[in-house]
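Participant: Just to be clear, the model below is a prediction. Sequence and coordinates:
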Amino acid sequence: MLSFVTSKDEQTLAIEVEGKVTKDDLKKFDNVVFEKFRNDEKFNVYAVINDIDAPTAGAMFEELAVDAKRWSQYNKLAVVSEKNWLDKVSGALDKLPGVQAEHFPIDQMEAAWDWIKEK
């Protein structure tokens with residue numbers, strides 16, 4: 001499940017992910033992005049990732065479709081989690097043009113906010 005939480009920055013969507021991310025969750029995310037940033041304004045994502053289910057192939061394709069649609073709008077992605085594999089994923093995302101991604105342990109939530117708010 002994907003939930004929106006209070007953001008500390010007007011250009012940042014703050015989300016919390018736990019369990020399984022559904023197609024409806026991805027549609028909700030896409031709708032919120034459109035409402036706040038339309039189709040051309042840059043934005044950041046602050047994501048707290050708790051225990052999540054491994055994505056199914058279908059869910060991965062859905063997520064990639066949403067991400068590809070919005071990729072040019074992403075600016076920074078802060079991933080906050082204790083899961084070590086997320087560090088590798090955010091490192092791979094950081095190599096994509098135009099997107100900065102960083103992984104932070106759960107006890108460094110404020111450092112993640114500080115990083116995402118840096119211009």
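Facilitator: Everything's here; your move.
Participant: quick one, what contacts Asn39?
Facilitator: Taking C-beta atoms under 8 Å, 6 or more residues apart in numbering, we find Asn39 in contact with Gln73. C-betas here are computed from N, CA, C, even on glycine.
Participant: does it sit in a helix or strand, and which one?
Facilitator: Per DSSP states H and E: Asn39 is located in neither a helix nor a strand.
Participant: quick one: it from Lys117, how far?
Facilitator: Remark: distance between Asn39 and Lys117 (C-beta to C-beta, to the nearest Å) = 24 Å.
Participant: One more: Pro97?
Facilitator: Going from Pro97 to Lys117 by C-beta to C-beta gives 22 Å.
Participant: all helices of the chain, in order?
Facilitator: Ranges of helices within the chain are 23-37, 57-70, 84-94, 109-117, based on DSSP state H.
Participant: Now Ala111: closest residue in space that isn't a chain neighbour?
Facilitator: Leaving aside its chain neighbours, Ala111 sits nearest to Phe104 (5.9 Å; criterion: C-beta to C-beta, 6 or more residues apart in numbering).
Participant: Name whatever forms a beta bridge with the one you found.
Facilitator: Val80 (DSSP bridges).
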